[in-house]
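Asker: Have a look at this fold, sequence not included:
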């Protein structure tokens, strides 16, 4: 709330406007109190998701890496149905950036990646990084289909296909890609595709009930490298615990 | 010197058509290679993850149709004026992709019982959920998906439409005049209009 030295009822609309302009130039506000969009303050971010890693964790990794302040709002499964109707397309995670709400986790990651120099040095590099992140997302979606969107009776067969065909198809190609690119996904240097994999691994392993990177030493080394980046390591150590 | 582009896909519109629309809009030459269904097993091992479309850029192979669209969109000036506009476009595109995936999930189901069940929820829930939201979004944005101007989200949606209609078995936009109007706008764009007139005719 702005501090007011006299009653607002006594001031005309024009005077109130003038007073507001004067206050901006004279008084100091904490970041929490300042609501004026006319002034250039750092954007305020509010991320909303379940109390899990899941699709939210890649965004949290990006924000941790960039040391970007944000509100990490976590909704319980019980609360979600009530909030769903007000969310973009009934989906989470979504992020509020200066009061405007956006969903689609991979695109949100890309948005921050550009600001953090993790989205490629030119269009072609960006293309390669995007394609890698999309493919990781495809794998996650297929695993998610098996766990969250299948009938119980279909699960054993779907799991068998995942374990024997799908996961090896993706991970063996990712393994080769990282091997051919000096330990990173694209062009021998860190990009958001690397953070994206690292942020997804524990969730995918929780769903599959085993470490999905067993047998893929280059991918394991990459994830370890990312998880040991100081800002990310600090996030991992302080984040809320969850199974997924 | 401009890169040499070769797009490889099935002999259909499908997931490649938005890419073809974007190249055409930008007046960018590209080889539109289509392999036959019978030849697919021969090409599959040469793709990064066993899927198409793929785009060769001076011989370097890239996959992921949406990402390829974004790459071409950036070159033809349809990817937003800044990062904030870009992420808004990306979010709309991803949502159109979600919608497309759900229709594909129904269409490609080989189990007739499961497919019939999916048809129910597609027509009673999914389509009535997404299309009114898209209609409202375009209405509230001056006739386009984002910020009152043409972006690749518009071209993406219209590029998919024949494929979506084919899979759903209906004219999806019958009750959505604003989206139909957007469709007309995109199909009349120079470059795209010529492409549509000369492209191979396929139902999907």
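Answerer: That came through fine. Predicted model, so just to flag it, every value in this text is computed and none were measured.
Asker: residue contacts, residue 113?
Answerer: Just so you know, I chose chain A. Residue A:113 makes contact with A:62, A:119, A:129, A:191, A:192 under the criterion Cβ atoms under 8 Å, 6 or more residues apart in numbering or on different chains. Yep, even glycine has a C-beta here, placed from its N, CA and C like the rest.
Asker: wait, isn't the fourth one in contact with residue A:129?
Answerer: Yes: contact criterion Cβ atoms under 8 Å: residue A:191 and residue A:129 qualify, at 4.5 Å.
Asker: hey, what's in contact with both of those two?
Answerer: Counting by Cβ under 8 Å, 6+ apart, the common neighbours of residue A:191 and residue A:129 are A:113, A:118, A:119, A:120, A:185.
Asker: any idea which element the first one lies in?
Answerer: Secondary-structure assignment from DSSP states H and E places residue A:113 in helix A:105-115.
Asker: and chain B, which of its residues are near chain A?
Answerer: B:48-50, B:57, B:60, B:62-64, B:66-68, B:70-71, B:74-75, B:83-84, B:86-88, B:90-91, B:93-95, B:98, B:129-130, B:133 (Cβ under 8 Å from any Cβ of the partner chain).
Asker: Mind checking which of the residues you listed land in strands?
Answerer: Members of these lying in strands (criterion: DSSP state E): B:57, B:60, B:62, B:63.
Asker: For PyMOL, what selects the buried ones among those?
Answerer: What follows is the PyMOL syntax for the buried subset of those, where burial is set by 16 or more other Cβ atoms under 10 Å in any protein chain shown:
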select buried, chain B and resi 57+62+63
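Asker: and of the ones in strands among the residues of chain B next to chain A, the nearest to residue A:164?
Answerer: Closest approach to residue A:164 among those (Cβ to Cβ): residue B:63, at 22.8 Å.
Asker: what is the closest one paired to in the beta sheet?
Answerer: Counting by DSSP bridges, residue B:63 is bridged to residue B:54.
Asker: wait, what's in contact with the residue nearest the centre of chain A?
Answerer: The centroid of chain A falls nearest to residue A:59 when counting by Cα atoms, centre = their mean (1.2 Å). Contacts for residue A:59 (Cβ under 8 Å, 6+ apart) come out as A:47, A:93, A:95, A:105, A:108, A:109, A:112.
Asker: coming back round to it: report the buried residues of the helix holding residue A:113.
Answerer: Across helix A:105-115, burial judged by 16+ other Cβ under 10 Å covers A:105, A:106, A:107, A:108, A:109, A:110, A:111, A:112, A:113, A:114.
Asker: Which other helices and strands does the helix or strand following that helix contact?
Answerer: Using DSSP H and E, the helix or strand that follows helix A:105-115 towards the C-terminus is helix A:123-148. Applying 3 or more Cβ pairs under 8 Å, 6 or more residues apart in numbering or on different chains; DSSP states H and E, we find helix A:123-148 packed against helix A:105-115, helix A:155-161, helix A:167-180, helix A:192-208, strand B:60-63, helix B:65-75.
Asker: again, only using 7 Å
Answerer: Here helix A:123-148 touches helix A:105-115, helix A:155-161, helix A:192-208, strand B:60-63, helix B:65-75, going by 3 or more Cβ pairs under 7 Å, 6 or more residues apart in numbering or on different chains; DSSP states H and E.
Asker: residues making contact with the last one?
Answerer: With Cβ atoms under 7 Å, 6 or more residues apart in numbering or on different chains as the contact definition, helix B:65-75 has outside contacts at A:123, A:127, A:130-131, A:134, B:15-16, B:18-19, B:22-23, B:26, B:53, B:55, B:62, B:79, B:93, B:97, B:152, B:156.
Asker: Residue 101: neighbour count?
Answerer: Looking at chain A here, since you left the chain open. Neighbourhood size, residue A:101 [other Cβ atoms under 10 Å in any protein chain shown]: 14.
Asker: Switch to chain B, please.
Answerer: 11.
Asker: What residues sit buried inside the helix or strand hosting it?
Answerer: Assigned by DSSP H and E, residue B:101 falls within helix B:83-107. In terms of neighbour count (16+ other Cβ under 10 Å), helix B:83-107 has its buried residues at B:84, B:86-100, B:102-103, B:105-107.
Asker: That one - what's its average pLDDT?
Answerer: Here helix B:83-107 scores 96 as its mean pLDDT.
Asker: Distance from that helix to the middle of the chain?
Answerer: 10 Å (Cα atoms, centre = their mean, to the nearest Å).
Asker: and that helix, what does it pack onto?
Answerer: strand A:100-103, helix A:105-115, helix B:112-121, helix B:152-168.
Asker: I'd like the average pLDDT over the helix or strand harbouring residue A:83.
Answerer: Following DSSP H and E, one finds residue A:83 within helix A:80-84. Confidence for helix A:80-84, expressed as mean pLDDT, is 92.
Asker: helices and strands around the very next helix or strand once past that helix, which ones?
Answerer: Downstream of helix A:80-84, the next assigned helix or strand under DSSP H and E is strand A:94-97. Secondary-structure packing of strand A:94-97 (3+ Cβ pairs under 7 Å, 6+ apart): strand A:45-50, strand A:100-103.
Asker: Which residues outside strand A:94-97 are in contact with it?
Answerer: A:43, A:45, A:46, A:47, A:48, A:59, A:87, A:88, A:101, A:102, A:103, A:108.
Asker: And stretch A:74-92, by the same measure?
Answerer: When contacts are defined by Cβ under 7 Å, 6+ apart, stretch A:74-92 is touched by residues A:48, A:49, A:50, A:51, A:94, A:101, A:103, A:240, B:95, B:133.
Asker: Does the residue nearest to the first one when sequence neighbours are not counted belong to a helix, a strand or coil?
Answerer: In space, residue A:48 comes closest to residue A:73 once its chain neighbours are excluded; the distance is 4.5 Å by Cβ to Cβ, 6 or more residues apart in numbering or on different chains. For residue A:73, the secondary-structure state derived from DSSP: H, G, I helix; E, B strand; the rest coil is strand.
Asker: how many neighbours does residue A:73 have?
Answerer: Around residue A:73 there are 16 other residues, counting by other Cβ under 10 Å.
Asker: Also residue A:67?
Answerer: Per other Cβ under 10 Å, the neighbour tally for residue A:67 reads 11.
Asker: just the one 10 residues further on next, same as before
Answerer: For residue A:77, the tally of surrounding residues (other Cβ under 10 Å) stands at 9.
Asker: tell me the secondary structure for it?
Answerer: Each residue gets one of three states, and residue A:77 gets coil by three-state DSSP.
Asker: Before I go, just wanted to say thanks for your time.
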